[in-house]
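# Curious how this folds, go ahead:
(one chain, ligands or ions: 1)
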Amino acid sequence: MGRLFFVGGNWKCNGTSEDVKKIVSTLNGGQIPSKDVVEIVVSPPFVFIPSVKSELKPEFQIAAQNCWVKKGGAFTGEISAEMLVNLGIPWVIIGHSERRALMNESNEFVGEKVAYALSQGLKVIACVGETLEERDAGTTMKVVAAQTKAIADKISSWDNVVLAYEPVWAIGTGKVATPAQAQEVHAELRKWLETNTKAEVAASTRIIYGGSVNGGNCKELAGQKDLDGFLVGGASLKPEFIDIIKAAEVKK
Ligand SMILES: O=C(CO)COP(=O)(O)O
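Numbering: from 1, shown residues only. Model prediction:
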């Protein structure tokens, strides 16, 4: 089965309720390809999720930006996977590099989180990616393989996982990976899945790219063989997010 193009918009810790209204109205007014061409997910900050969910067209699914590593309880400030399920939120982003770096989330912790979220019935956008120093040292594949292995070690099925390759040096910097750089890592990740999981997992798992994707560079990136979509930060807050969604048509 072909891999349905996937576009996620990660709003990060941005916006007021007024901003959110504007974004929702832009998205609702955009001409987007049909559901058999692209799967679209937007990820607002937790506090805005209920209003965005009720106001956005059903073509846009919702993802949380994080959730707690196990069952909820006495964990002040955390949001549990069960709560997301309770609110009918289908997706969660786990292991974003900002959380790995700023909240010290280790590979193992990320793997545990992915496994727990899946066990509760959530679908997961699992993020991996190397820093500039790691790339310069020639260790890109070693780093992303270790991050992917920590997830693979804890889960029994990749059916509900989208793997997001987000090189840290490309996030929020305007320095997008070249299509060839992205394709190289995506192909290596697919090979890693083939060797370490199953051929069917490698063939069916969507590997999406994130890091300074915008309306101008999305089409060429989307044309890469092993690139199955995007996780967009800054540009997902702007009207050009619609153009990025339309890049899915390149695969038709
Ligand atoms: O981190 C990202 C998406 O999760 C990418 O962010 P930018 O698109 O702003 O570089």
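
# residues in contact with Lys154?
Gly111, Glu112, Val114, Ala115 (CB atoms under 8 Å, 6 or more residues apart in numbering). (C-beta placed from N, C-alpha, C; glycine too.)

# cool, and Phe5?
By CB under 8 Å, 6+ apart, the contact set of Phe5 is Val37, Val38, Glu39, Ala222, Asp228, Gly229, Ala247, Ala248, Lys251.

# Equivalent analysis for Pro179, please.
Going by CB under 8 Å, 6+ apart, the list of residues near Pro179 reads Glu220, Leu221, Gly223, Gln224, Leu227.

# Same question for Leu237.
For Leu237, the residues meeting the contact criterion (CB under 8 Å, 6+ apart) are Gly9, Trp11, Asn14, Gly15, Asp19, Ile23.

# Would you check which pair of these lies furthest apart?
Greatest spatial distance among the contacts of Leu237 (CB to CB): Gly9 and Asp19, at 13.4 Å.

# Those two: who's more crowded?
A count of neighbours by other CB atoms under 10 Å puts Gly9 above the other of Gly9 and Asp19, at 26 against 13.

# Looks to me like the more buried one is in a strand.
Yes: assessed with DSSP: H, G, I helix; E, B strand; the rest coil, Gly9 lies in a strand.

# How about it, nearest residue that isn't a chain neighbour?
Ser236 (2.9 Å; CB to CB, 6 or more residues apart in numbering).

# Wasn't that neighbour part of a helix?
Yes: when classified by three-state DSSP, Ser236 is found to be part of a helix.

# Can you get me a residue count around it?
For Ser236, the neighbour count with other CB under 10 Å is 25.

# which residues does it contact?
By CB under 8 Å, 6+ apart, the contact list for Ser236 reads Gly8, Gly9, Asn10, Trp11, Val42, Ile244.

# Could you check the pLDDT of the residue of the stretch 101-250 of the chain found nearest the ligand?
In the stretch 101-250 of the chain, the residue that lies nearest the ligand is Gly233 (2.2 Å; CB to the nearest ligand atom). For Gly233, the model assigns a pLDDT of 98.

# Isn't it up against Asn14?
No: counting by CB atoms under 8 Å, Gly233 does not reach Asn14; the two are 9.0 Å apart.

# re earlier: which of the contacts of Phe5 fall within helices?
Ala222 (DSSP state H).

# Which members of the contacts of Phe5 are classed as buried?
Val38, Glu39, Ala222, Asp228, Gly229, Ala247, Ala248, Lys251 (16 or more other CB atoms under 10 Å).

# Let me have those residues in a markdown table, extended by pLDDT.
As requested, these are exported to a markdown table (pLDDT from 0 to 100):
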| residue | pLDDT |
| --- | --- |
| Val38 | 98 |
| Glu39 | 98 |
| Ala222 | 98 |
| Asp228 | 98 |
| Gly229 | 98 |
| Ala247 | 98 |
| Ala248 | 98 |
| Lys251 | 90 |
